[in-house]
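In: Build me a model from this:
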Amino acid sequence: MADVVTDLKGRIDKSLEDLNRELTKVRTGRASANLLEGIRVSQYGTPVPLNGVANITTPEPRLIIIKPWDKSVLKDIEKAIREANLGINPMNDGEVIRLPFPPLTEERRKEIAKQVKTKGEDHKVAIRNIRRDANEALKAQLKDKKITEDDHKRLTEKVQKETDEGVKKIDEIISKKEKEVMAV
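Out: A predicted model of the protein is given here:
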């Protein structure tokens, strides 16, 4: 019977991890190599992660430098970055690709903050769906007489408590990211 609560906790933790992973890709005022995560470069006809064909560094807060190990993939890297639609124009000098990050306008910051809020809301919905699944599992166990009425009530309260904690953590994560985005 406690396995429902354990499963709930595990699924909530996975949802929080997913939110954190998604938010690392959100652009703030600073350059971050995490923005390039998920970009794949075609090398010999096979899509390869960008960090698998080049060295990625951030020598300055507003600049990412991509230095490929094989200069023949420079054009492919540039193309992949343009297709990723990051809002950054790659500059290829034949040796390295520079990604200069222009300062974000106030309007763009608010737009990004809104996207962050939306991601948070999506994950809150996911957590509520996890809660619903857990409550349905508890009802089924009660119906099959695997747990008593008292156990059902106690476990339902525990499920709600875990859900509330998960939603609270999402609010904290979102608030922190919004501050990061809005910082000039």
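In: distance of the residue nearest to the spatial centre of the chain from residue 47?
Out: Central residue of the chain (Cα atoms, centre = their mean): residue 22, 1.1 Å from the mean position. As judged by Cβ to Cβ, to the nearest Å, residue 22 and residue 47 stand 21 Å apart. Where C-beta positions appear, they are placed from N, C-alpha and C, glycine not excepted.
In: circling back to that earlier point, the helix or strand containing the residue nearest to the centre of the chain packs against which elements?
Out: In this structure, residue 22 sits in helix 2-24 according to DSSP states H and E. Using 3 or more Cβ pairs under 8 Å, 6 or more residues apart in numbering; DSSP states H and E, the elements in contact with helix 2-24 are helix 106-143, helix 149-182.
In: any idea how far residue 112 is from residue 118?
Out: 11 Å.
In: ok so, going back, my guess is the residue nearest to the centre of the chain meets residue 120, correct?
Out: No - using Cβ atoms under 8 Å, residue 22 makes no contact with residue 120, being 9.8 Å away.
In: a strand runs through residue 56, doesn't it?
Out: Yes - the assignment for residue 56 (DSSP: H, G, I helix; E, B strand; the rest coil) places it in a strand.
In: Could you find the closest non-adjacent residue to it?
Out: Spatial nearest neighbour of residue 56, excluding adjacent residues (Cβ to Cβ, 6 or more residues apart in numbering): residue 33 at 4.7 Å.
In: Test my guess that residue 169 contacts residue 17.
Out: No - proximity of residue 169 to residue 17 does not meet the contact threshold set by Cβ under 8 Å, at 10.9 Å.
In: Please list all residues in contact with residue 139.
Out: residue 152 (Cβ atoms under 8 Å, 6 or more residues apart in numbering).
In: ok, the residue of the chain positioned farthest from its centre to residue 156 distance?
Out: Computed with Cα atoms, centre = their mean, the residue of the chain farthest from its C-alpha average is residue 145, at 40.5 Å. Going from residue 145 to residue 156 by Cβ to Cβ gives 17 Å.
In: ok, back up a step: in contact with the residue nearest to the centre of the chain, which residues are there?
Out: Residues in contact with residue 22 (Cβ under 8 Å, 6+ apart) are residue 119.
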